[in-house]
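> The following comprises the amino acid sequence and a computationally predicted model.
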Amino acid sequence: MKRIILSAMTALTMAGCVSSPAEQGKENTQQEFNYIVDQFADLQILRYQVPGFEALSLPQKQLLYHLSEAAQMGRDILADQNNRYNLAIRRTLEAIYQHYEGDRKDEQFKAFETYLKRVWFSNGIHHHYAEDKILPAFSSEYFVSCIKTIEPSGLPLRQGQTIDQFLTEIVPVIFDPAVMPKRTIQGGDQDIILASANNYYGEGVTQKEVESFYAAMKKPNDQMPISYGLNSRLVKENGQLKEKVWKVGGLYTEAIEQIVGELKKAVPFAENSRQKEIIESLIAYYETGDLKTFDAYSILWVGDTTSEVDFINGFIETYGDPLGLKASWESSVNFINQEATKRTKIISDNAQWFENHSPVDDRFKKKEVKGVSAKVITVAMIGGDCYPATPIGINLPNADWIRRDHGSKSVTIENITEAYDKASQQGGSLGQEFIWSEAERELIKKYGFLTGNLHTDLHECLGHGSGQLLPGVEPDALKAYSSTLEETRADLFGLYYIADKKLVELGLVPDAEAYKSEYYNFMMNGLMTQLVRIELGKDVEEAHMRNRQLIAKWVYEKGKAEQVVEFRQKDGKTYIVINDYKKLRNLFGELLSEVQRIKSEGDLEAGKQLVENYAVKVDPVLHAEVLERYAKLNLAPYRGFVNPIMKQVKNNAGEVTDIVLDYTEGYADQMLRYSRDYSYLPTYND
């Protein structure tokens with residue numbers, strides 16, 4: 001649970017900010033490059049450049065090539081993890097889209113096309129962020145009529161199933177709002193396993209059964225516990241609970257075998273013996289499914305701070321499981337941005353100073369910060385749960401004991417943040433509508449890109465890497481609230497320290513005023529502008545959004561008597577105004593102290609109260625106003641990316657002489673190509 005997602009407001013207020021120019025590509029110059037690919041529903045599709053790729057050696061490019069192939073081969077795994085019908089629905093929609101012979105300008109077909117694009121983006125039928133089921137704007141009758149035009153051999157029918165039987169099964173899943181309404185339920189009084197539509201657990205498995213099953217596995221006082229349940233689906237067979245492990249020869253073997261094949265091709269191009277050992281260890285984990293092997297791989301990976309090329313591939317983040325046990329499949333392939341990494345090296349070199357001066361109780365501080373490394377990377381390929389919507393920062397590994405004994409590795413993905421920045425310049429921003437005055441606009445214009453990236457650095461490198469659990473506290477003690485509270489803790493660490501004079505002393509910010517741009521952006525987003533991502537009347541559900549509202553609402557309420565932050569009206573519109581930035585910083589520090597206590601002590605009840613009281617509910621009047629103002633701007637609150645195409649250049653003897661990047665592929669073209677070339681799983685994976 002260690003990633004940071006770029007907020008809607010931050011992404012859209014970067015326009016006009018100063019950033020370092022990307023290097024020129026062979027076929028695209030900075031001036032020619034079109035970052036915006038497509039826009040539909042609440043989504044905008046962008047492309048990113050990979051500056052510095054051409055300067056890499058041929059072996060490095062070949063390493064990136066094979067790792068990138070592996071990154072695309074697990075796409076079906078994520079779709080199936082999100083919901084057991086996702087592959088059937090995606091394949092059906094694609095069959096209609098490719099073979100439809102009717103009027104493609106018809107409103108019903110246009111609505112169908114938008115729905116398919118949304119399913120592609122979300123890797124399934126539930127919204128990628130809000131996690132509500134995406135309801136089509138075309139009729140079920142139209143859908144049925146389209147199905148009837150497709151040959152049965154072109155549809156993902158079960159063995160012996162007729163088209164009518166298929167429709168009886170699939171139509172309610174798509175069209176009935178009461179069937180599988182939400183992918184992941186984060187809390188409340190209901191059984192969050194039974195109520196969630198994801199596919200991490202078999203039918204009929206209850207929350208109580210899951211908790212008891214894994215509690216029985218745990219060893220008392222185990223200081224190096226494996227991540228129980230991380231890489232399996234828990235099902236009932238003949239009334240007994242059983243794990244179906246995701247591995248070669250197990251569940252998802254068809255895709256995992258392909259991933260392993262590309263990883264084996266990558267081994268000869270490893271930059272050094274340690275990187276070779278890392279890749280081979282990951283292969284061994286995929287082949288055995290052994291979580292101790294995964295821990296061994298993670299320890300090797302976190303210790304590799306010298307390789308220029310790096311990657312993530314596997315079952316890692318647990319946001320999709322309401323209990324935070326099961327991991328989604330994801331991949332990211334990258335190489336280091338040497339110049340920008342100077343910034344994160346300064347931060348990681350001073351990690352102990354930041355830990356020592358944190359405003360939390362000394363009992364919860366690490367006496368010795370080990371192995372904290374950080375770098376700025378250039379991503380070359382994203383896949384699985386990093387695609388199309390990708391994080392801008394990652395801190396791994398997730399196991400607390402590995403972080404305690406071996407450290408952590410943090411990355412900030414600067415070519416992605418730069419793509420957001422450039423696209424905002426091409427497509428517009430929220431700034432004029434929601435920022436209080438010209439003073440705040442100038443702050444953001446002058447410092448926004450810098451402080452946005454710096455907050456990510458602090459969040460990932462120091463926030464997630466800070467603090468410690470008290471002896472005997474289980475890593476999953478905070479249960480369904482764990483993800484929200486962990487992101488809250490990391491964000492607060494970054495917010496508290498971005499205003500510290502130490503950052504000026506270290507040369508990370510130009511002056512003592514820079515932090516104010518991040519404070520204003522964060523408070524405006526947490527209290528107002530992120531609400532554009534939520535339907536009127538709905539609660540905040542996603543962990544990162546809950547985190548931001550929790551922080552912003554808590555400090556607003558605690559500072560209300562002194563009007564540290566306030567809502568003001570101007571021309572009939574509501575704005576956020578920060579009256580005292582120093583007191584705001586103190587409030588961030590107070591909340592950080594409490595959240596760290598909750599995590600360190602495993603205080604579930606206090607964590608639950610904090611989340612439920614501040615992170616979930618939305619003021620309906622303010623929400624309606626924000627949505628009304630936003631609707632006039634014709635902007636998309638969510639953004640994602642298409643990948644460049646990596647192509648091998650070969651000579652007459654068939655030898656690879658170069659790897660080149662092609663940035664010209666469109667959104668639908670890429671999605672259909674991925675479904676054609678990287679789709680290995682059966683439609684139904686029971």
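Received, thanks. Numbers count the residues shown, from 1 in each chain.
> tell me the contacts of the nearest residue to Phe175 once chain neighbours are set aside?
Distances taken as CB to CB, 6 or more residues apart in numbering place Ser140 nearest to Phe175, at 4.7 Å, with adjacent residues excluded. Every C-beta, even on glycine, is put in place using the N, C-alpha and C of the backbone. Ser140 makes contacts with Val171, Ile174, Phe175, as judged by CB atoms under 8 Å, 6 or more residues apart in numbering.
> per-residue pLDDT, the residue lying closest to the first one once chain neighbours are set aside?
In other words, Val171. Once flanking residues are discounted, Val171 sits nearest to Ser140: 5.5 Å by CB to CB, 6+ apart. Model confidence at Ser140, given as pLDDT, is 98.
> Quick check: the gap between Ala71 and Ala130.
Distance of Ala71 to Ala130, given as CB to CB, to the nearest Å: 26 Å.
> If you count surrounding residues, which of these two has more?
Ala71 (28 against 22; other CB atoms under 10 Å).
> And the host helix or strand of that one, what's buried?
Element membership for Ala71 (DSSP states H and E) is helix 58-72. Residues of helix 58-72 classed as buried by neighbour count (16 or more other CB atoms under 10 Å): 60-72.
> Name the nearest of those relative to Ala561.
Proximity of the buried residues of helix 58-72 to Ala561 was ranked by CB to CB; the top entry is Ala71 with 51.3 Å.
> Wait, that closest one touches Ser332, no?
Yes: counting by CB atoms under 8 Å, Ala71 does reach Ser332; the two are 7.1 Å apart.
> Report the set of residues contacting both of those two.
Phe311, Met381, Ile382, Gly383.
> most neighbours, which of those?
That'd be Gly383 among the shared contacts of Ala71 and Ser332, by other CB under 10 Å, with 30 neighbours.
> Let's verify that residue: helix, strand, or coil?
Under DSSP: H, G, I helix; E, B strand; the rest coil, Gly383 falls in the strand class.
> From Leu78, how far out is it?
Taking CB to CB, one finds Gly383 at 9 Å from Leu78.
> overlap in contacts of those two?
Glu330.
> Can you read off the pLDDT for the residue positioned nearest the centre of the chain?
The C-alpha lying nearest the average C-alpha coordinate of the chain belongs to Pro391 (CA atoms, centre = their mean; 4.5 Å). Pro391 is assigned a pLDDT of 92 by the prediction.
> Low-confidence regions, the stretch 101-250 of the chain specifically.
By pLDDT under 70, the stretch 101-250 of the chain contains no weakly predicted segment.
> again, only this time at 80
Within the stretch 101-250 of the chain, the stretches with pLDDT under 80 are 187-188.
> Show me where it has its strands.
232-237, 240-245 (DSSP state E, counting those that start in this stretch).
> ranking those strands by burial, who's on top?
strand 232-237 (a mean of 18; mean count of other CB atoms under 10 Å).
> Isn't Gln648 up against Val656?
Yes: with contacts counted by CB under 8 Å, Gln648 reaches Val656, the gap being 5.1 Å.
> Beyond the lowest-mean-pLDDT helix or strand in the chain, next helix or strand please.
The least trusted helix or strand in the chain, going by mean pLDDT, DSSP states H and E, turns out to be helix 8-12, with a mean of 43. Note on helix 8-12: by DSSP H and E, the next helix or strand toward the C-terminus is strand 36-40.
> Give the partner strands of that next one in its sheet and their orientations.
strand 43-47 (antiparallel) (DSSP bridges).
> any idea of the mean pLDDT in the strand it pairs with?
Mean predicted confidence for strand 43-47 is 97.
> And for it, what's in contact with it?
34-39, 117-118, 121, 388, 419-420, 423, 427, 635-636, 638-642, 644, 663, 667.
> Go ahead and confirm Thr488 touches Leu550.
Yes: counting by CB under 8 Å, Leu550 is a contact partner of Thr488 at 5.5 Å.
> ok, these two, which is more surrounded?
Thr488 (32 against 27).
> Where does the more buried one sit, in terms of helix or strand?
helix 482-498.
> name the helices or strands packed onto the very next helix or strand once past that helix?
Using DSSP H and E, the helix or strand that follows helix 482-498 in sequence is helix 501-505. Using 3 or more CB pairs under 8 Å, 6 or more residues apart in numbering; DSSP states H and E, no helix or strand is in contact with helix 501-505.
> what about dumping the CA coordinates of helix 501-505 to PDB?
Provided in PDB are the C-alpha atoms of helix 501-505 (Å, rounded to 0.1, in the frame of the first residue of the first chain):
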ATOM      1  CA  LYS A 501      13.700  25.400   6.900                       C
ATOM      2  CA  LYS A 502      15.900  22.300   6.500                       C
ATOM      3  CA  LEU A 503      14.700  22.000   2.800                       C
ATOM      4  CA  VAL A 504      16.000  25.500   2.100                       C
ATOM      5  CA  GLU A 505      19.200  24.600   3.900                       C
END
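> what distance separates that helix from the centre of its chain?
30 Å (CA atoms, centre = their mean, to the nearest Å).
> Low-confidence stretches in this structure?
Ranges of the chain meeting pLDDT under 80: 1-32, 187-188, 371, 424-431.
> Swap in 70 and give it another go.
1-31, 426-429.
> Glu368 versus Gln352, what's the distance?
8 Å.
> Comparing these two, which residue is more hemmed in?
Gln352 (15 against 7).
> Now the phi/psi pair for that one, please.
phi -70, psi -40 (degrees, to the nearest 10).
> I figured it hits Val369, correct?
Yes: shown here, Gln352 and Val369 form a contact pair, counting by CB under 8 Å, at 4.8 Å.
> Around Gly261, how many other residues sit close by?
So Gly261, with other CB under 10 Å, has 15 neighbours.
> Which helix or which strand is home to it?
Element membership of Gly261, judged by DSSP H and E, is helix 253-266.
> Which element is encountered next along the chain beyond that helix?
With DSSP H and E, the next secondary element past helix 253-266 is helix 273-288.
> quick one, helices of the stretch 451-600 of the chain?
Taking DSSP state H, counting those that start in this stretch, the helices of the stretch 451-600 of the chain run over residues 482-498, 501-505, 515-527, 543-558, 581-601.
> Return the most buried member of those helices.
helix 482-498 (a mean of 27).
> Helix 543-558 and that helix, what's the angle between them?
For helix 482-498 against helix 543-558, the angle by axes from the mean of the first three to the mean of the last three CA atoms, to 10 degrees is 60 degrees.
> how much distance is there from stretch 425-442 to the middle of the chain?
Using CA atoms, centre = their mean, the offset of stretch 425-442 from its chain centre is 26 Å.
> again with stretch 371-390
With CA atoms, centre = their mean, you get 10 Å for stretch 371-390.
> can you check stretch 614-622 too?
24 Å.
> in that stretch, what's buried?
Tyr614, Ala615, Val616, Val618.
> Could you double-check that the residue nearest to the centre of the chain sits in contact with Ser410?
No: Pro391 is not in contact with Ser410 according to CB under 8 Å; the separation is 11.6 Å.
> which SS state does Thr306 fall under?
coil.
> how near is it to Ile278?
For Thr306 relative to Ile278 (CB to CB), the value is 12 Å.
> what does Gly74 give?
18 Å.
> more neighbours, the two?
It is Gly74, of Gly74 and Ile278, that has more neighbours when counted by other CB under 10 Å, with 29 against 24.
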